[in-house]
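1. coords please:
(one chain, ligands or ions: 3)
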Amino acid sequence: MKITLQTGNTAAIETELLVAFTTDTATGKDAKPEISLLTEDEVIRKAAANVLTTGEFASGSNETILLHTPAGLKATRLLLIGLGKTAKATPHDVRKAAGTAVRFAKPRKLRELAILLPNGFDAAATARAIAEGTILADFDPDTYRSDRKDQSIDSLTVLASDQKAADAGFNEGVIIGESQNFTRSLVNEPGNRMTPTILGQRAAEMAQAVGLKCEVFGADKLHELKMGAFWSVTQGSDEPPALIVIAYEPKTAPANGPVLGLVGKGITFDTGGISIKPSDNMEKMKYDMAGGAAMIGAMRAIAQIKPAVKVIAIVCAAENMPSGKAQKPGDVQIAMSGKSIEIINTDAEGRLVLADGLAYAKQLGATHLIDAATLTGAVAVALGQVNAGVFANDEETYKIFSDAVAKSGERFWRLPLDDDYREQIRSDIADIKNSGGRYGGAITAAMFLKEFAEDTPWIHLDIASMAWQDENKPWAAKGPTGVAVRSIVEWVRSYAK
Ligand code: BES
Ligand code: MN
Ligand code: ZN
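-> Ligands and ions are numbered 1, 2, ... in the order given. Below you'll find the predicted structure:
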């Protein structure tokens with residue numbers, strides 16, 4: 001999809017689909033909708049005037065109404081999309097509504113469209129939201145279908161009244177939207193086509209393309225670094241592991257400034273190992289590398305946005321398989337940090353690879369840590385497919401992250417890390433055990449990681465609830481979501497100010 005920002009006479013725009021946004025300005029719960037068109041453009045206001053008063057369109061969130069051959073316009077169709085109530089509408093609603101426009105166009109075989117930047121919002125934030133929302137909406141997961149119908153949109157024009165105000169936000173939005181889609185494309189691949197080795201290759205290609213340093217290490221390096229926890233997960237698989245290290249070290253970053261360590265879980269397929277998972281839904285476990293893919297996508301965006309801060313990403317990629325070489329419940333492993341771990345459940349493998357990933361990030365000089373992982377089914381039980389979980393061992397770092405989330409429009413809900421939960425992962429034979437049982441499963445998993453972050457300020461994102469959506473949304477296809485990319489990029493940028 002080619003996407004451009006333009007100014008000019010909207011009436012003269014030749015397009016198959018011109019899109020404008022509306023809000024409902026009525027206040028009070030049961031008030032009849034009073035619809036406001038979010039453009040000053042007189043020709044468009046006139047073309048849309050009648051349909052706004054008939055009552056057939058209420059401007060609800062992502063509600064659409066289509067007008068053919070609108071009077072006075074060169075465009076062959078005019079699509080109006082609701083942003084809901086004026087008082088509540090934000091650029092985040094614009095992101096979804098712009099996505100809805102793209103997903104309206106795709107199945108109707110409309111291959112190009114133009115979207116009017118709505119007035120009443122900050123122009124840069126809205127331009128960014130439209131760029132992100134439309135690029136994200138253009139993604140479809142049916143890559144391997146012979147009859148793939150939903151081809152990409154060819155070209156999209158965003159029409160702004162003040163190009164300068166919209167420009168910076170727009171360009172960022174393109175970078176971030178494309179990076180999030182890059183993450184989604186990695187997550188969408190099945191286990192046989194996204195092994196740790198292939199994930200390493202994709203990361204290296206991306207790094208090369210955007211000018212980042214990237215190294216991909218194998219089993220030898222795991223042994224050299226004494227990554228006994230990471231190794232215990234990969235030892236049962238015939239696929240070699242990949243320890244992916246991507247570095248962004250801009251000259252603009254101050255010498256004694258922070259170094260941000262991004263650590264991602266990259267389990268390219270999670271069978272559960274000897275504690276094998278039931279077959280129902282096991283195919284979904286191809287998305288168990290979504291945290292790692294989020295870090296790779298975030299690095300792609302960071303390389304292009306160029307914040308003045310050092311960032312290192314570490315992705316621990318492995319396959320979790322049962323075999324004659326696989327680890328067994330009861331085994332004791334020694335992590336890179338020196339801590340001993342009793343393996344209670346081989347299906348609690350994410351925390352094992354991350355334990356060594358966090359230790360390695362610290363060894364490489366990280367002063368602040370963030371990890372992302374599809375870590376527990378329990379986080380989805382707690383939060384549903386609406387919020388991902390966030391944990392933090394440091395209030396200031398958490399505050400920076402939650403401000404970043406407010407800007408990204410993603411949804412994360414903080415869960416606790418009280419010392420009392422530590423009891424659940426106490427082992428009789430080792431320093432810690434890798435499963436705390438059913439109750440508070442997302443929390444005890446985070447408590448385990450906390451032991452390896454130690455005193456370094458650290459954020460943990462459990463994205464198992466959000467990395468894969470089971471239903472289509474008006475603005476996004478079902479499948480891989482690329483969750484956390486936007487928030488991580490925003491979080492990183494806050495350290496450059
Ligand atoms: N990858 C899974 C978590 C998961 C479940 C992600 C569903 C996405 C959807 C993780 O490795 C896992 O198996 N966790 C176990 C932990 C338990 C054995 C302590 C879980 O959540 O059941
Ligand atoms: Mn597992
Ligand atoms: Zn897993």
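
2. Whatever residue of the stretch 1-150 of the chain ends up closest to ligand 1: neighbour count?
-> For the stretch 1-150 of the chain, the residue closest to ligand 1 is residue 141, as judged by C-beta to the nearest ligand atom, at 16.5 Å. Where C-beta positions appear, they are placed from N, C-alpha and C, glycine not excepted. For residue 141, the tally of surrounding residues (other C-beta atoms under 10 Å) stands at 16.

3. contacting residues around the residue nearest to residue 378 when sequence neighbours are not counted?
-> Leaving aside its chain neighbours, residue 378 sits nearest to residue 441 (2.9 Å; criterion: C-beta to C-beta, 6 or more residues apart in numbering). With contacts defined as C-beta atoms under 8 Å, 6 or more residues apart in numbering, the neighbours of residue 441 are 376, 377, 378, 379, 381.

4. do residue 92 as well
-> So residue 92 contacts 129, 409 (C-beta under 8 Å, 6+ apart).

5. Could you say which helix or strand holds it?
-> Here residue 92 sits within helix 91-105, counting by DSSP states H and E.

6. The next helix or strand after that helix pairs with which strands, and in what direction?
-> Under the assignment DSSP H and E, the closest C-terminal helix or strand after helix 91-105 is strand 112-116. In the sheet containing strand 112-116, its partner strands are strand 18-24 (parallel), strand 155-159 (parallel), by DSSP bridges.

7. most neighbours per residue, which of the ones you listed?
-> Highest mean neighbour count of these: strand 18-24, a mean of 27 (counted as mean count of other C-beta atoms under 10 Å).

8. Which helix or strand lies directly C-terminal to it?
-> Per DSSP H and E, the first helix or strand lying C-terminal to strand 18-24 is strand 35-37.

9. any idea of the mean pLDDT in that next one?
-> On average, the pLDDT along strand 35-37 is 96.

10. Tell me how far the residue of the stretch 1-150 of the chain closest to ligand 1 lies from ligand 3.
-> Separation of residue 141 from ligand 3 (C-beta to the ion, to the nearest Å): 20 Å.

11. and if you look at residue 139?
-> In terms of C-beta to the ion, residue 139 sits 24 Å off from ligand 3.

12. unless I'm mixing things up, that residue is touching residue 475, no?
-> No: with contact defined as C-beta atoms under 8 Å, residue 139 does not reach residue 475; the gap is 10.9 Å.

13. okay, now the domains of the protein?
-> Using automatic domain parsing, the domains assigned to the chain come out as 2-160, 189-494.

14. Check the separation of the first and last residues in the last one.
-> When you say that, I think you mean domain 189-494. Using C-alpha to C-alpha, to the nearest Å, the end-to-end distance of domain 189-494 comes to 32 Å.

15. Let me see the backbone angles for the residue nearest to residue 378.
-> As for residue 441, its main-chain torsions (degrees, to the nearest 10) stand at phi -60, psi -40.

16. Quick check: the gap between it and ligand 1.
-> According to C-beta to the nearest ligand atom, to the nearest Å, residue 441 and ligand 1 sit 6 Å apart.

17. winner for burial among the domains of the chain?
-> Ranked by mean neighbour count under mean count of other C-beta under 10 Å, the domains of the chain are led by domain 189-494, which reaches a mean of 21.

18. is ligand 2 contacted by that one?
-> Yes: using C-beta under 5 Å from the ion, domain 189-494 reaches ligand 2 at 270, 347, 349.

19. Tell me what the first one is bridged to.
-> To tie it back to what came earlier, the one meant is residue 270. Going by DSSP bridges, residue 270 is paired in beta bridges with residue 320.

20. who in this structure is up against ligand 3?
-> 267, 270, 288, 350.

21. The last one against residue 289, yeah?
-> No: with contact defined as C-beta under 8 Å, residue 350 and residue 289 do not form a contacting pair (10.1 Å).

22. For the two, list the residues in contact with both.
-> What both residue 350 and residue 289 touch, as defined by C-beta under 8 Å, 6+ apart, is the set 265, 267.

23. that older thread, pLDDT value on the residue nearest to residue 378, please?
-> You'll see residue 441 listed with a pLDDT of 98.

24. and it, how far is that from residue 470?
-> As defined by C-beta to C-beta, to the nearest Å, residue 441 lies at a distance of 20 Å from residue 470.

25. How about residue 456?
-> Separation of residue 456 from residue 470 (C-beta to C-beta) stands at 36 Å.

26. Nearest to ligand 2: which residue in the stretch 151-300 of the chain?
-> Closest residue of the stretch 151-300 of the chain to ligand 2, C-beta to the ion: residue 270 (4.4 Å).

27. go on, the stretch 301-450 of the chain?
-> The stretch 301-450 of the chain approaches ligand 2 most closely through residue 347 (3.9 Å), counting by C-beta to the ion.

28. My reading is that that residue lies in a helix. Confirm?
-> No: judged by DSSP: H, G, I helix; E, B strand; the rest coil, residue 347 forms no part of a helix; its state is coil.

29. give the contact list for the residue of the stretch 151-300 of the chain closest to ligand 2.
-> By C-beta under 8 Å, 6+ apart, residue 270 lies in contact with 277, 285, 288, 320, 347, 349, 350.

30. quick one: pLDDT of it?
-> pLDDT, residue 270: 99.

31. Ok, residue 211 next?
-> Looking at residue 211, its pLDDT stands at 98.

32. Next: residue 297.
-> 99.

33. What segments of the stretch 301-450 of the chain are strands?
-> Secondary structure of the stretch 301-450 of the chain (DSSP state E, counting those that start in this stretch): strands at 310-320, 332-334, 340-342, 368-373, 388-392, 412-414, 432-433.
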